[in-house]
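Visitor: Sharing a model that was predicted from the sequence below.
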Amino acid sequence: MSTLDDHILVLNNVTKRFGGLVAVDDVSLSIKRGEIFALIGPNGAGKTTLFNNVTGLFKPTSGHVILNGKDITGSKPHEVARLGIARTFQNIRLFDYMTCVDNVRVGRHVRMHAKLWDGLFKLPAERREEERVTEEAMDLLRFVGIARQANQYARNLPYGQQRRLEIARALATEPKLLLLDEPAAGFTPQEKVELMALVRKILDRGVTVWLIEHDMKVVMGISERIVVLDHGEKIAEGPPEEVRTDPRVIEAYLGKSA
Amino acid sequence: MRNRVAAPPRSVWARLHLRERIRDRDTAIYGVLLLVALVFPAITLYTTDGSTYLIAVAGHAGTYVLLAIGLNVVVGFAGLLDLGYAAFFAIGAYTYALFASQQLLASPIHHAYHFPFWLMMFVGLLIAASAGAVLGFPTLRLRGDYLAIVTLGFGEIVPQVFQNFDQWTGGINAIGGIDQPTLPAWVTGPWAGADSISIVAPFSFSFDPIAYYVLIFILVSVAIVLVNNLQRSRLGRAWMAIREDEVAAAAMGINTVTTKLLAFAIGASFSGFAGAYYGASFGLVSPDDFLFIVSITVLVMIVLGGMGNIPGVIVGAVTIYFILNWFLPLLPPAVESLASSIGLGSLNSRAGDWPGLGNETQNVTLLLFGLILVTMMLLRPQGIFPSRIREQELKHATAQEDEAAIEQAHA
Amino acid sequence: MATSVSALTRIRSARLAGMSFTDYGFYVLCGTAIVLLATQAVIDPRTFFQVLDFGIADGAIYALVALGYTMVYGIIELINFAHGDIFTLSAVIGSAILGFFAVNESSFSLADLLTLLLVFPVVMLIIGGINVTIERVAYRPLRNAPRLAPLITAIGMSFTVEGVMYLWHGSAIIHFPDLLPHGAGFQTYIGGVFFTFKDVFVIVAAVILVSLLAVFINGSKLGKAMRATAQDRDAAQLMGIDINRTISATFFIGAVLAAAGGIIYGLYFNNLDYHLGFSVGLIAFTAAVFGGIGNIPGAALGGLLIGLVKAFSDNYIGSRWTHIIVFSILIAVLVFRPTGLLGMRVPEK
Ligand SMILES: Nc1ncnc2c1ncn2[C@@H]1O[C@H](COP(=O)(O)OP(=O)(O)OP(=O)(O)O)[C@@H](O)[C@H]1O
Ligand SMILES: [Mg+2]
């Protein structure tokens, strides 16, 4: 029995329906502080939908989302971000016509204090804050390894760097929990290795990571615990080796490909 | 030799970084605009023998520059299409007109108010901003073009409301005799005034185009500085983030509803501010001054100038204003004199079905304006001076296309 | 501010018996309108049905114009500001052709009737060609440009078309011959309500045209291509649909309906000017939004309802309030039913 303190996020019986379709079906799970937690499942299993329910993009049809012991079910996306959950998107959603450094500075938004008047009249406090935030943004770009592209437009970056930029932007919100939706999709093996290193570095910053990933090698390589979703239902949970041999998991994947 | 090592104290001149700045396109545009704005009155006064007509035109163009800067906040920064921007303009103008003329004497409250312009300018601003917030509050969650349609509807309703409540506003008879701004005695000094110590008459704008030109120049300059500040602030980035991807912006912790509401209200406040100035400078406010065509004109100005880029938007506003109010009206006489000078003077007089070259040119101006708009937009889909980002993007895209074409040719 | 905003959203998302707050607002609005009108119908049925008759005829014309807006919007998401002027231009051209053949109301013969019947297809073809050209010249090159660029060329095209008519006729009233049979033999009182042949003609013509359109959209290959393109242009292209041709066809059909509307307008009201399309276009566009923009039956319904709203408001409230009423209803509908009466509710991605 672990105490509540160990868990940063707890989902209790979360269900999401779209009309007749049950995209997430009564899923309960809990994520420990400081772990790398993985969510896998065949296409259309409801993984992204589960993320959307956690981050406030959707309101669960029923069930509860508890962050640090606080019920955040149905909070708006910006409230969730303020409370300490950041995310990336499966189909990268950067601010295309903004520079990389501006993308990351937008991530700092929620931790900044400047009000309308401060910005309108460029008051000294606002200037200092802007300088500080620019520094922090550059640090984050360095952290993910794209500092040289700082003044390029997000949409002009190559694919892999866009994924990194999205992670930097999410980290800028100072999350306690970072949700990564298929961060290694479309990566070469070399890039995947680099990404795994980056995820470990993120963990070292004290950020808990929850990721969706299809590549079992990546999942095995970095995560301690895995939950498997199929047709919205949780069908398995446990350490990678155990999950991999679970007959229900094999059936879910094989049944899909057969 | 050694004392040479110490860097010479840098002159003020060097510290301005003039060279680097001029290389930056936007700064160069600001520089040219500033120069033109300063030199223009002197030149017109000199060349037209002291006629202030063109200065008056320029003063009115300034109103549109203010409007364009404000609409740019809504459309260019936050990406919200507003097709009823003139409504806020009307609200600002009527706020000033009602409380700075004899109008309300004939209304049910039987009392005329004469609040000073300097106060009413800010009241107009606040009321327009509140109207923007009130309209935006229930409608800003609407997606994309539906918002545009709500604003279009609002823009249709407001002038009609001012027209229909004629007990208060005089309806289509308009409000005339609107007060001119006066400078308070502590600015002009004790020697200006009705007292026995007065030496000169109290200073008043009294339809002096040069005074208005100075006023609008100051207002526009202040507006440029403030909006530039906003663009480079936390709020400005939030607007652009929403413009680019609203879902991602929300996931980054931006409260999209209040942020959009702020864009709407701030855009409206510029319009209200401009409205008060408009009321004062014309001395007459009528519901017809704020029809859909005004909203459309301002939108055309900012899209054509280069949405999101403040200097571009100003250039767009000035260009369109002068095409509409100077180039097109002056075209018929110009064509007539051209015809006379090349020996086709006979075309100028009417004969049978032919209305005369001047009249025919007059008839063709609407068509001409339409064609100018279409042509300019086709030539520069991004606007005359797009924000630098977009321009580079465009170059990048064409370079890629070229590469693709080369590849195809080789394949 | 922030708290009140979230309070509002909370109210909005609150659900009672499966309906949201906005649904209730919408039904309350509709209910109130129906009750008010029903009261009028009971108090003075004669006036009521007279107004109803006029409203439907007027609405039928708006419906024809609204269809063009909705089709174009549905397929390229452009508010085609020039559409109202295309409508006016068709009446102007129709009147010119009739004038050329010296057809006028004073001596109307069988041959003239034939001319009138020929005017419809001829004007439809001309206007269709003009609209396709406009798309080709002013919108197609901007298909990948920033979203607002084609909007501005549409405004420019609106000025251009109006400019052509201004050059042609100036700001004078343009007369369209009053050719529809009228007078003693072609009007009747039924239960005290005055019906004319003109009203019937407008309504029947509109119904026929809308039905033809429906059959075309649902049945023909091109119609299917149009629907597919409207739904997902890229996917449609992958399926081998010629996007450019489909878009041209949409502009053509939209213009054909507007041309029919223009001639019918001319036959019904007999007077117009170069600027008419501006106000008719604005109202028709409102009608399209009202019904759910991009939705074809919605545009027809919206046109009809706007015609009715205008007629009732003119009669019961006063014509100077009509403009305010029409656009207030538009805003209210969008607030309470953000995608119009028949518009789809797109799920948030
Ligand atoms: N907004 C929505 N409205 C209706 N249905 C939706 C919506 N979002 C997702 N769905 C449906 O919910 C199911 C789960 O989708 P989801 O995107 O969560 O799957 P996933 O596990 O992330 O799959 P993938 O591996 O392809 O990303 C799918 O059947 C999808 O069609
Ligand atoms: Mg997914």
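Guide: Happy to help now that I have it. Ligands and ions are numbered 1, 2, ... in the order given.

Visitor: Does the longest helix along chain A reach chain B?
Guide: Counting residues, the longest helix found in chain A (DSSP state H) is helix A:124-144. Yes - judged by C-beta under 8 Å from any C-beta of the partner chain, helix A:124-144 comes into contact with chain B through A:126, A:129-130. Just so you know, the C-beta spots here come from the backbone N, C-alpha and C atoms, and that holds for glycine as well.

Visitor: For the closest residue to ligand 2 within the stretch 51-200 of chain A, which non-adjacent residue is closest in space?
Guide: Nearest to ligand 2, among the residues of the stretch 51-200 of chain A, is residue A:90, at 4.6 Å (C-beta to the ion). Take residue A:90 and drop its neighbours on the chain: the residue closest to it by C-beta to C-beta, 6 or more residues apart in numbering or on different chains is residue A:181, 4.2 Å away.

Visitor: Which stretches in chain A count as helices?
Guide: Using DSSP H, the helices assigned to chain A run over residues A:47-54, A:77-83, A:100-108, A:116-121, A:124-144, A:159-171, A:189-204, A:216-222, A:240-245, A:247-257.

Visitor: then the longest one to PDB, C-alphas only?
Guide: This means helix A:124-144. Extracted C-alpha coordinates of helix A:124-144, given in PDB (Å, rounded to 0.1, in the frame of the first residue of the first chain):
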ATOM      1  CA  PRO A 124      10.500  48.600 -15.100                       C
ATOM      2  CA  ALA A 125       9.200  45.500 -13.400                       C
ATOM      3  CA  GLU A 126       7.800  44.200 -16.700                       C
ATOM      4  CA  ARG A 127      11.100  44.800 -18.500                       C
ATOM      5  CA  ARG A 128      13.000  42.900 -15.800                       C
ATOM      6  CA  GLU A 129      10.500  40.100 -16.100                       C
ATOM      7  CA  GLU A 130      10.800  40.000 -19.800                       C
ATOM      8  CA  GLU A 131      14.600  39.800 -19.600                       C
ATOM      9  CA  ARG A 132      14.500  37.000 -17.100                       C
ATOM     10  CA  VAL A 133      11.900  35.100 -19.100                       C
ATOM     11  CA  THR A 134      14.000  35.400 -22.200                       C
ATOM     12  CA  GLU A 135      17.000  34.000 -20.400                       C
ATOM     13  CA  GLU A 136      14.900  31.100 -19.000                       C
ATOM     14  CA  ALA A 137      13.500  30.400 -22.500                       C
ATOM     15  CA  MET A 138      17.000  30.300 -23.900                       C
ATOM     16  CA  ASP A 139      18.100  27.900 -21.100                       C
ATOM     17  CA  LEU A 140      15.200  25.600 -22.000                       C
ATOM     18  CA  LEU A 141      16.100  25.700 -25.700                       C
ATOM     19  CA  ARG A 142      19.700  24.800 -24.800                       C
ATOM     20  CA  PHE A 143      18.300  22.000 -22.500                       C
ATOM     21  CA  VAL A 144      16.500  20.400 -25.400                       C
END
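
Visitor: Quick one: list the elements packing against that helix.
Guide: If contacts are counted by 3 or more C-beta pairs under 8 Å, 6 or more residues apart in numbering or on different chains; DSSP states H and E, helix A:124-144 sits against helix A:100-108, helix A:116-121, helix A:159-171, helix B:234-244.

Visitor: what does it rub up against?
Guide: With contacts defined as C-beta atoms under 8 Å, 6 or more residues apart in numbering or on different chains, helix A:124-144 is touched by A:100-101, A:104-105, A:107-108, A:112-114, A:118-119, A:147, A:149-150, A:164-165, A:167-168, A:171-172, A:198, A:201, B:232-234.
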